[in-house]
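Student: Structure, please.
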Amino acid sequence: MTNNSITVTTKSELESARKEKYEEIVVTGKLANDLKKSKSIAYAGVATIGILTAALAATPFTGGLSMFAAAPVAALTGLEISAIIIAAALGITLIIAVFKDYEEISYSDGKLTLKKKQ
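Tutor: So this is what the prediction gives:
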């Protein structure tokens, strides 16, 4: 039995849907916009991911990643500051996993449709 389609609005729902290998995941709300903005991270090179991972690991858990802290990382990696801050919130591993397993079918503000790669 295959899981056809699911709509998710939270990080935990997205993680669960990916693990359960749904054929189609419709991401809605702020999460859809954040995932779209952070898509460039999924296709970044190994060195870029390494720099980003090290920067996020060095970030204190208390305040998260600020614009001030993200600016040097953006300069080093070429990624947008907003994508870096989103990666800090969602997690690089989840972003890479989602875009490794799924392709973007459509996007409009607040709605991102992903289809499992064959």
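
Student: For beta bridges, what are the partners of residue 7?
Tutor: Taking DSSP bridges as the rule, residue 7 bridges to residue 26.

Student: got a list of what it touches?
Tutor: 25-28 (C-beta atoms under 8 Å, 6 or more residues apart in numbering). Using the backbone N, CA and C atoms, a C-beta is placed for each residue, glycine as well.

Student: Can you check the pLDDT for it?
Tutor: You'll see residue 7 listed with a pLDDT of 98.

Student: Equivalent analysis for residue 65, please.
Tutor: Note for residue 65: predicted pLDDT of 64.

Student: now the one 4 residues further on
Tutor: Model confidence at residue 69, given as pLDDT, is 74.

Student: Let's verify it: helix, strand, or coil?
Tutor: Three-state assignment for residue 69 (DSSP: H, G, I helix; E, B strand; the rest coil): helix.

Student: Now do it: how many residues are near it, please.
Tutor: Neighbours of residue 69 under the rule other C-beta atoms under 10 Å: 19.

Student: who wins for most neighbours among the contacts of residue 7?
Tutor: Highest neighbour count within those: residue 27, with 28 neighbours (other C-beta under 10 Å).

Student: And the strands in the protein?
Tutor: Applying DSSP state E to the chain gives strands spanning 5-8, 24-28, 102-108, 111-116.

Student: Okay, buried residues for the first one please.
Tutor: By neighbour count, and taking 16 or more other C-beta atoms under 10 Å as the criterion, the buried residues in strand 5-8 are 6, 8.

Student: got the residue ranges for the helices in this protein?
Tutor: Under the criterion DSSP state H, the chain contains helices at 11-19, 30-42, 46-57, 67-77, 81-90, 92-101.

Student: What are the contacting residues of the least confident helix or strand in the chain by mean pLDDT?
Tutor: Least confident helix or strand of the chain, by mean pLDDT, DSSP states H and E, is helix 67-77 with a mean of 81. Contact with helix 67-77 is made by 44, 48, 51-52, 55, 59, 79-81, 84-85, 88, as judged by C-beta under 8 Å, 6+ apart.
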